[in-house]
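Peer 1: let's see this in three dimensions:
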Amino acid sequence: MAEEQFDTTLDEKPVIEEPKPPKPKKSYTGLIIVILLIVIVGLIFFIFVYTKGNGGISELFKKKTATATTTQTTESSATKTTSKSLTKTVDPYSGWKSYKSDKYALSFKYPSDWNDATEGKNEDLEMIPVDYTGISFGDDSKYSVALSKTTDYTDQSKDSVDLLKRIFDGSSNEVTTIWLPPGNAAIQAYVIPKYIETTDRKWRGIYYFANIGNGYSTAITALAVLTDGNDNIVQLSLTGDSIKSSEYPCISGEQTDCSSSKLEEQVSGFHEYINTIDEANSSETVIKDFHSTLKKVVASLQSV
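Peer 2: Modelled structure (predicted):
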């Protein structure tokens, strides 16, 4: 009987390959640190060398700050100088003449091409019972000034004096004409009065444009009446013919054979024209002269 043969060979275990360790990644951390150190050291060295001759970083900063401050100061000074120069060159009254009255405690300026101011007293107290001082600028001048005191007026004009005082202190908005001193005539038509004051606001009152006369005319008068709130009153006036005079020949005298009805018709039409004048857009010479010249005279008025 044959012998059983046993396989005595050891069971072979499967060969398992151990995984190879991963190759270490290259690290640049050390290199980066070294580069940063080199840059920092180099920067410190550069700053030290650059600023050594200027007394250090703080001194350099001071110098730059001082330079900037000097530049700003110079520019500021130049601006102020320019501003002062411009201010000095603007003088609306350059070359104008001056008038002064101790009695009425005032002064004002007037254009150099006007004749010298000449004073005159009211010699017709019966007709105009006010002891005022009139100022003219030549026989052919269309401008005039009248100076008076509140105490010069009788009961006849007292209402106008009181109204002017109320306008001065702002307690009245009443819109009506004031004529101080009044002339020997009547205000027949007028543009609604407006408030006016001097540059320093020490003189205040009204101004307006009117057709004034005993009879009929195509003249327009500009009147500015102001008070200092105490006892003094000044009235400035300007008179000239209307640019519309040729449209009313019966009034102007260009046509002499006018009937009474024709004359009355033209008078009514002219007064209506005066009452509705648009001051801002008017071409009337008197209105233009008032704003360009007489209003500047008013603005120059001062108490002395």
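
Peer 1: what's the span of stretch 246-259, first residue to last?
Peer 2: End-to-end distance for stretch 246-259, by Cα to Cα, to the nearest Å: 17 Å.

Peer 1: list the buried residues in it.
Peer 2: 248, 250-252, 258 (16 or more other Cβ atoms under 10 Å). All C-beta atoms are positioned from the backbone trio N, CA, C, and that covers glycine.

Peer 1: can you add distance to residue 111 and secondary structure and give those back as a markdown table?
Peer 2: A markdown table is the format used below for the buried residues of stretch 246-259 (distance: Cβ to Cβ, whole Å; DSSP: H, G, I helix; E, B strand; the rest coil):
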| residue | distance to residue 111 | secondary structure |
| --- | --- | --- |
| 248 | 31 | coil |
| 250 | 36 | helix |
| 251 | 31 | helix |
| 252 | 29 | helix |
| 258 | 39 | coil |
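
Peer 1: beta partners for residue 120?
Peer 2: According to DSSP bridges, the residues that bridge with residue 120 are residue 134.

Peer 1: which ones are touching it?
Peer 2: By Cβ atoms under 8 Å, 6 or more residues apart in numbering, the contact set of residue 120 is 133-136.

Peer 1: now swap in residue 106 and tell me
Peer 2: 100, 147, 203, 228, 232, 234, 301-304.

Peer 1: export the residues you listed as a markdown table, with columns for pLDDT and distance to residue 111.
Peer 2: A markdown table is the format used below for these (pLDDT from 0 to 100; distance: Cβ to Cβ, whole Å):
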| residue | pLDDT | distance to residue 111 |
| --- | --- | --- |
| 100 | 97 | 17 |
| 147 | 97 | 19 |
| 203 | 97 | 19 |
| 228 | 96 | 23 |
| 232 | 96 | 23 |
| 234 | 97 | 17 |
| 301 | 96 | 15 |
| 302 | 94 | 17 |
| 303 | 94 | 22 |
| 304 | 91 | 20 |
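
Peer 1: hmm, which of these are the buried ones?
Peer 2: 147, 203, 228, 232, 234, 301-302.

Peer 1: which one of these sits closest to residue 32?
Peer 2: Nearest to residue 32, judged by Cβ to Cβ, of those is residue 302 at 83.4 Å.

Peer 1: I'd assumed residue 105 was in contact with that closest one.
Peer 2: No. Taking Cβ atoms under 8 Å as the definition, residue 302 is not a contact partner of residue 105, at 9.6 Å.

Peer 1: how many neighbouring residues does residue 277 have?
Peer 2: A count of neighbours around residue 277, defined by other Cβ atoms under 10 Å, yields 19.

Peer 1: phi and psi next, for the closest residue to it other than its chain neighbours.
Peer 2: Excluding the flanking residues, the one nearest residue 277 by Cβ to Cβ, 6 or more residues apart in numbering is residue 191, at 5.0 Å. Dihedral pair for residue 191: phi -90, psi 140, per degrees, to the nearest 10.

Peer 1: check residue 241 too.
Peer 2: According to degrees, to the nearest 10, residue 241 has phi -80, psi 150.

Peer 1: how about residue 178, what does it touch?
Peer 2: Residue 178 neighbours (Cβ under 8 Å, 6+ apart): 160, 163-164, 193, 205-206, 225.

Peer 1: for those residues, pick the one with the most neighbours.
Peer 2: residue 205 (27 neighbours).

Peer 1: tell me the contacts of the closest residue to that residue other than its chain neighbours?
Peer 2: Setting aside the residues directly before and after it, residue 205 is nearest to residue 226 in space (Cβ to Cβ, 6+ apart), at 3.4 Å. Going by Cβ under 8 Å, 6+ apart, residue 226 touches 164, 196-198, 203-205, 233-235, 298, 301.

Peer 1: list the beta-bridge partners for residue 226.
Peer 2: residue 205, residue 234.

Peer 1: for residue 114, see how far away residue 99 is.
Peer 2: Look at residue 99 and residue 114: by Cβ to Cβ, to the nearest Å, they are 10 Å apart.

Peer 1: ignore what I typed, I meant residue 171.
Peer 2: 36 Å.
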